[in-house]
Structure formats: C-alpha cells, structure tokens
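Asks: I would like to see how this sequence folds:
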Amino acid sequence: MKALALTGLKQLEFVDVPQPKIINDTDVLLKIAAVGVCGSDVHYYETGRVGSQVVIYPYRIGHECSATVTQIGKAVKKVKVGDKIVVEPAVSCHKCDQCRMGRENTCRNLQFLGTPGQGDGCLCEYMVMPEESCLVINDKLTLIQAALCEPFTIGVYSVKQGQGPYSGKIAILGSGPIGLSCMTAARIQGAGKIYMTDILDYRLAVAKKHGADWTGNPDKSDIVKEISKIEPLGVDVVYECAGQQSTIDQGIELLRPGGKIVLVGIPRESRISISIDYARRKEITIVNIRRQNRSTEDSIKLLAEKKANIDFMVTHKFKFEDSKKAFELAAGYKDGVIKAMVEL
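Replies: Now for the predicted structure:
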C-alpha cells in the first residue's frame, strides 16, 4: 500500500509498505478516509522533532483521522465491517499507575499515532488499531468532521481542565485550530466573554465570526493593555494555544489574582520561563495539557447533537497524492489556511 513518509527536513515521499494485517483478536483493519494536518505534524516536518521526540527517517506522521472498518478480529464486538469511525490515536496500557489513576493520557506505556518511538502515522491507505480506538459515528458525523474530532477534543478537554466557578471571562492566545476548538468548547460551557489573539489577521476574522467577543493582533498593538482597559481586574482563565514565550508572558499579565493559565500550545523549545513575580503575587494556577483524556465521546456527542460547529475550520482539502501541498500550505500559513485536510 501507499504511505507518506518524512525522509528529511521538509521532505515528504510516497513509499510502498506492506498492508497491515490483523494480529490480535481485538484488532480492527481500517481504510483511512480523511487526515488532518496538525501543528505537531508541521513541527516534525520543519524541525524533525517535538521536544525530546526526535524523528528517525523515514518516518510516517499524522494522527487526526477517520476511517471505515474493513475487517475485524474474532473478539471485536463494538464495531462491524462497514462502520465509519473516529480513530482515537492514543493507545494506553490500562495497567500502569497512571492508567489506574484514570490518567490514560499520561500512560507510561502510551502508543500514539505519528509519534517517534510510539507509532507510525495515519497518512496511509490502511491501518490496524485496537477496537477501543474505534469510535463508531456512521451517519452521526461526516468523515471530515470525524477527523476533526481529535483537535476539537483537545479543546473540549482543555476547557474541562480550565473551567471553574469563576471562569466567565477568558482569553485564548492563538487562533489556530486548537484555539478555535477551545473557543467553541468554552462558549458551549457558558463563557461570558472571550478575548482572542493571533498574529494572523485572517484567523482573527474567523474567530470573531464564530464566537470571539474581542480580537487583537499582538504584532500591531499592545493586547495586554487593550484587554486590561476592558477588564481592569483581569480575566479568569487564559488558554495559551500558540506555544510561544511571548503569549505565555501575556497570559500571566492578563490574569486576575487567583486566575488560571492553561498551557495548551506546544513550544518548539524544550524550556519556557514564567514571570514568578507576577505568578507568585497573583497566586496563578498553571495547568499543562497533555493531549486529552476521556473526552472524545463528549466531542462526538456535541457535534452529533449540533451543539458545536467546527466545519468552518476546514479551509482546504487535498487528495492523497497532493499531501505534500497540504504540508507546504500549513507550514507557510498560506492562502488563509486554518485546517488542511487530506482525503483518501
């Protein structure tokens, strides 16, 4: 079968690999339908690493996907051949201390799609996953929406971790797919006012159209000063979705005493810093987000019941043979891209 592999920095090539086969009785053979290009995929594409996770070439990336079931193992009961599914990219061991604590997202033996040292990516024609990673949608969602569930779920989980009794006024720093997912989830959870920032004006326009009350570009104005004029006491929660030192600094400044900063974005650097003067005196709570935990079903339900709309995030669609163009577009922030999808 055909698969797309990284062969060097900013180098993608189609390779022929054996079609995977069912080995375990709980395995499911999937025909991949749609794959989203994620910011972490772009990190691997441009730099060959995300923090301590370093690519060894050639390597297949991609983890946001939907699929159709083509074959099932003998013990599979929850899915059947022909089912359309959301693929949960994380496979936990369910045995370690973290899993027993209900923290499958920090499983010590986690296997995650498209992550060096863990699992190959989903930019291929077929893939085998355990039954537990196959969440049936059939006619509830389109296959494009199903692939979008992974980034949307991170937004849903982040808002769960960030919400509290006093989280009515929030700021989301970074208006890419994850920031927009946080915006959508926060609005559903009753956020009173949403401030959003980005250095790309076209993304701010999208945010304003679909749920933000206020938007600002930190390259063009002092967004901390502007938001503080409106909210002199500070905001309750900041969702940092850009993975930048500057936005982390802005977030700490924007928060009221007792506020919470939720670090959702993935910095390319291995270290970031916090202004301990601000953070200590205001007794700021710092929350790190590691993907998501036990929230994919919630995302599917929100989309199926039309309580959330994320279709607007998909700005570009590519055929499998044009996958390289999808990465070039996403890496260069070209043509107003928010989410590029590859359809197989």
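Asks: Now do the strands in the stretch 101-250 of the chain.
Replies: Secondary structure of the stretch 101-250 of the chain (DSSP state E, counting those that start in this stretch): strands at 111-112, 126-130, 134-136, 169-173, 193-197, 214-216, 235-240.
Asks: Ok, which of these comes nearest residue 301?
Replies: Ranking the strands of the stretch 101-250 of the chain by distance to residue 301, with CB to CB as the measure, places strand 134-136 first at 10.7 Å. Just so you know, the C-beta spots here come from the backbone N, C-alpha and C atoms, and that holds for glycine as well.
Asks: in the closest one, what's buried?
Replies: 134-135 (16 or more other CB atoms under 10 Å).
Asks: and the residue lying closest to residue 49 once chain neighbours are set aside, what are its phi and psi?
Replies: Distances taken as CB to CB, 6 or more residues apart in numbering put residue 55 closest to residue 49, at 6.4 Å, once the chain neighbours are dropped. Here is the backbone geometry of residue 55 (degrees, to the nearest 10): phi -70, psi 140.
Asks: Kindly report the same for residue 85.
Replies: Torsion angles, degrees, to the nearest 10, at residue 85: phi -140, psi 160.
Asks: For it, grab the count of nearby residues.
Replies: Residues near residue 85, counting by other CB atoms under 10 Å, number 25.
Asks: and it, what is it in contact with?
Replies: If you count contacts by CB atoms under 8 Å, 6 or more residues apart in numbering, residue 85 has them with 30, 66-69, 79, 134-137, 146.
Asks: Within the helices and strands, which one has residue 253?
Replies: helix 245-254 (DSSP states H and E).
Asks: Next, the angle from the helix or strand just after that helix to strand 235-240.
Replies: Remark: after helix 245-254, the chain's next helix or strand is strand 255-263, criterion DSSP H and E. Orientation note: strand 255-263 sits at an angle of 30 degrees relative to strand 235-240 (axes from the mean of the first three to the mean of the last three CA atoms, to 10 degrees).
Asks: how about the following helix or strand past strand 255-263: buried residues?
Replies: Using DSSP H and E, the next helix or strand after strand 255-263 towards the C-terminus is helix 276-281. Neighbour-count burial for helix 276-281 flags residue 279 (criterion: 16+ other CB under 10 Å).
Asks: strands paired with the following helix or strand past helix 276-281, and their directions?
Replies: Per DSSP H and E, the first helix or strand lying C-terminal to helix 276-281 is strand 285-288. Paired strands of strand 285-288, with direction, are strand 255-263 (parallel) (DSSP bridges).
Asks: State the mean pLDDT of the partner strand.
Replies: Average pLDDT, strand 255-263: 97.
Asks: do stretch 15-34 as well
Replies: On average, stretch 15-34 scores 97.
Asks: quick one: buried residues of that stretch?
Replies: So for stretch 15-34, counting by 16+ other CB under 10 Å, buried means 20, 26-30, 32-34.
Asks: now stretch 336-344
Replies: Using 16+ other CB under 10 Å as the test for burial, stretch 336-344 gives 337-344.
Asks: Spatially, which two of the residues you listed are the most separated?
Replies: 338 and 344 (20.8 Å).
Asks: In JSON lines, list the contacts of residue 85 along with distance to residue 264.
Replies: Output for those, formatted as JSON lines (distance: CB to CB, whole Å):
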{"residue": "30", "distance to residue 264": "28"}
{"residue": "66", "distance to residue 264": "23"}
{"residue": "67", "distance to residue 264": "26"}
{"residue": "68", "distance to residue 264": "31"}
{"residue": "69", "distance to residue 264": "32"}
{"residue": "79", "distance to residue 264": "31"}
{"residue": "134", "distance to residue 264": "26"}
{"residue": "135", "distance to residue 264": "22"}
{"residue": "136", "distance to residue 264": "28"}
{"residue": "137", "distance to residue 264": "25"}
{"residue": "146", "distance to residue 264": "22"}
